[in-house]
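Novice: structure here, sequence nowhere to be found:
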């Protein structure tokens, strides 16, 4: 059975090349994929012409409009009705595609996806979730920037969605869910995280709630799912990326600085290559917008074809694992559980 | 002229050994230092007996009381009037010491220091500031956890204090100050950071305000001073530390995993040692509580003697550079500037 994914061919720093080549790369491991491409046919068509295998599985819809990387999300949502990004989302809404993937403007993608697909029953706000590498095992972190300010309701809903994501996408049997805080004691942190913790502790959800974790716990694998507001999550993600880039750069400089460094590097290279592969950000590319009636995946704007193919794989996995349906089921349980244990904890 | 520093001999995972040895190490480069040590003489005295050079410059005050690492700050502040931590702060208040250094409970130290020393004129809340290594140059980051929630007034005051810190301690002639946000566009982020940015832009302070920076900019040296609330700052600091530890661990594993890795490591070791020294967290140990009538420096609880000596050096530098006095001067300028340009920007 084929699985149809809508692609915003014009989103990303190196679009449409990375989109077309990424789709081709994704197809190699997943022959059941089909693509609806939306973009400027004058540039997309010649790329497809060079890849007959991909072209046979692509339907290209022409649009001359694309959302600029620096467009204000509110403006893009209002004026971008015929953009490649919007048409990809519309295809999900219409049922023509099972998921949409874009490497374009994050805010515009979130705004359009929320407007067109609407949030799931019981979900007030969608969240951006991604998988980060850690020393022991990958960790799901959300929200990464969709919601600057969050209520405890939002955080509880993010916890439910993140737990499902970890279970179905990373196959963690019983994911440990934690709230990001600045101390592990119950009295630390702001009111919102403390109220969210109280609700997750009291609720009769099947979530394995591990309380609070601190920043360094994100990377040491103390939890399978780390929940936070979009401001903190976005800063955390980018600090982690920045620190990783700093280390990689400094390590490269150290090896290059002396002849012994250069020789040692040549000898140790295979081992270092394994390390590089392990933390290759392209392997972890593809952030999901959780909580919408439909699967939308955001690729890093600066990624290459390999990275874009990872985002396509994430989208396909989310569809195959019926992630949206499972979140709806869990939210039903949360709604049923709330009158019993939860209200008492916050009154 | 001698410079007297009060030391909490009992604070830290490996106190009092690291405190005594750290003081001895600090003394080697700075013979003008004198120390007031507060702690349990039954354990401190024998350590001093082995270091006659240090002992000649130390006055030990006995107290059997110490603040536990896991004590609730509010309880420690109320019940710890005779603790080694409190006595060290009291010595600053009484003018017997120019600064206090402790590797003990951060919350208790902040609570006691604020209670005893009070905030500077014009400063509503003190902040914790530290210096982090980046690819290009060290960066001052604050607040790192003193204030979970911050108003725009707090953030503006932190900007003023951080700018002085960068100028006097890192000798940056004209530090570039930025607010941490999740995007560099003016419309991004929460209301508080946007209002703080508007005030910093409008104010007639002499600060070189660079607008917003994102998480990855902290480590790439885009700003000399990065200002944020204590929740975000604490998470950011610990995420950076965790990511660094993850890389260091993974790198060690990679070198150890094959014989080529081990051989390459041996050959490249001098270059890698330089790198390790560059990012050695002990070199950056010593977070200052900015905004109080007196210098208080917090050492990492898990540090060793070398790390503790760095914290002592930070305290001595802060005193020598008259940091507190300079912050008072800048706050006077801010107060004078406010009626002109600042109020208009927030009305």
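Specialist: Arrived safely. Since we're looking at a predicted model, the values are computed, not measured.

Novice: buried residues in stretch A:304-321?
Specialist: Judged by neighbour count using 16 or more other Cβ atoms under 10 Å in any protein chain shown, the buried positions of stretch A:304-321 are A:304-319, A:321. Bear in mind the C-beta positions are built from the backbone N, C-alpha and C, glycine included.

Novice: break chain A into its domains for me.
Specialist: What automatic domain parsing lists as the domains of chain A is A:3-117, A:127-281+A:328-346.

Novice: quick one: check the first one for contact with chain B.
Specialist: Yes. Residues of domain A:3-117 contacting chain B under Cβ under 8 Å from any Cβ of the partner chain: A:70, A:72, A:107.

Novice: quick one: end-to-end length of that domain, please.
Specialist: Start and end residues of domain A:3-117 are separated by 19 Å (Cα to Cα, to the nearest Å).

Novice: number of residues surrounding residue A:64?
Specialist: By other Cβ atoms under 10 Å in any protein chain shown, the residues close to residue A:64 number 12.

Novice: which SS class is residue A:68?
Specialist: Three-state secondary structure (criterion: DSSP: H, G, I helix; E, B strand; the rest coil) places residue A:68 in coil.

Novice: if I look at it, how far off is chain B?
Specialist: From residue A:68 across to chain B, the span is 12 Å (Cβ to the nearest Cβ, to the nearest Å).

Novice: what do you get for residue A:43?
Specialist: With distances taken as Cβ to the nearest Cβ, residue A:43 is found 28 Å from chain B.

Novice: where's that residue, which helix or strand?
Specialist: helix A:41-49 (DSSP states H and E).

Novice: same check, this time on residue A:251
Specialist: helix A:230-257.

Novice: any idea of the mean pLDDT for that helix?
Specialist: The average pLDDT within helix A:230-257 is 90.

Novice: same for the helix or strand just after that helix, what does it pack against?
Specialist: Heading C-terminal from helix A:230-257, the first helix or strand you meet, by DSSP H and E, is helix A:259-279. Counting contacts by 3 or more Cβ pairs under 8 Å, 6 or more residues apart in numbering or on different chains; DSSP states H and E, helix A:259-279 is packed against helix A:230-257, helix B:230-257, helix B:259-278.

Novice: residue A:157 contacts residue A:119, correct?
Specialist: No. Judged on Cβ atoms under 8 Å, residue A:157 makes no contact with residue A:119 at a distance of 9.4 Å.

Novice: which neighbours do those two share?
Specialist: Common neighbours of residue A:157 and residue A:119, using Cβ atoms under 8 Å, 6 or more residues apart in numbering or on different chains, are A:125, A:291.

Novice: who's more crowded, these two?
Specialist: residue A:157 (28 against 16).

Novice: show me what contacts that one?
Specialist: If you count contacts by Cβ under 8 Å, 6+ apart, then residue A:157 has A:122, A:123, A:124, A:125, A:127, A:291, A:331, A:334 around it.

Novice: how much space between residue A:85 and residue B:36?
Specialist: 65 Å (Cβ to Cβ, to the nearest Å).

Novice: of those two, who's got more company?
Specialist: Ranked by neighbour count (other Cβ under 10 Å), residue A:85 and residue B:36 place residue A:85 first, with 30 against 20.

Novice: which helix or which strand is home to that one?
Specialist: Assigned by DSSP H and E, residue A:85 falls in helix A:84-93.

Novice: got the angle between that helix and helix A:41-49?
Specialist: Angle of helix A:84-93 versus helix A:41-49, following axes from the mean of the first three to the mean of the last three Cα atoms, to 10 degrees, is 70 degrees.

Novice: point out where the stretch 151-300 of chain A drops to low pLDDT.
Specialist: Applying pLDDT under 70 to the stretch 151-300 of chain A picks out residues A:184-188, A:204.

Novice: can you tell if stretch A:303-323 touches chain B?
Specialist: No. For stretch A:303-323, no contact with chain B is found by Cβ under 8 Å from any Cβ; the gap never falls below 15.2 Å.

Novice: average pLDDT for that stretch?
Specialist: So the average pLDDT for stretch A:303-323 ends up being 94.

Novice: list the contacts of that stretch.
Specialist: A:3, A:5, A:7, A:12, A:14, A:17-19, A:21-26, A:29-30, A:33, A:98-101, A:103, A:164-165, A:168-169, A:281-286, A:288, A:295, A:297-300, A:324.

Novice: those residues, buried ones only, as a PyMOL selection?
Specialist: Buried subset of these, written as a PyMOL selection, criterion 16+ other Cβ under 10 Å:
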select buried, chain A and resi 3+5+7+12+17+18+19+21+22+23+24+25+26+30+33+98+99+100+101+103+164+165+168+169+281+282+283+284+285+286+288+295+297+298+299+300+324
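
Novice: count residues in the vicinity of residue A:189, would you?
Specialist: 22.

Novice: please enumerate the strands of chain A.
Specialist: Along chain A, the stretches classed as strands by DSSP state E are A:3-8, A:33-39, A:58-62, A:99-102, A:127-132, A:139-142, A:176-180, A:208-213, A:225-227, A:287-290, A:295-298.

Novice: which of the ones you listed sits closest to residue B:81?
Specialist: Taking Cβ to Cβ, strand A:208-213 is the member of those nearest to residue B:81, at 30.2 Å.

Novice: show me what the closest one is packed up against.
Specialist: strand A:176-180, helix A:191-202.

Novice: out of those, deepest packed?
Specialist: strand A:176-180 (a mean of 25; mean count of other Cβ atoms under 10 Å in any protein chain shown).

Novice: contacts for that one?
Specialist: Against strand A:176-180 from outside (Cβ under 8 Å, 6+ apart): A:155, A:159, A:162-163, A:193, A:196-197, A:200, A:207-215, A:217-218, A:222-228, A:232-233, A:236, B:235.

Novice: how near is the residue in the stretch 51-200 of chain A that chain B sits nearest to to residue B:229?
Specialist: Closest residue of the stretch 51-200 of chain A to chain B, Cβ to the nearest Cβ: residue A:182 (4.0 Å). Counting by Cβ to Cβ, the separation of residue A:182 from residue B:229 is 10 Å.
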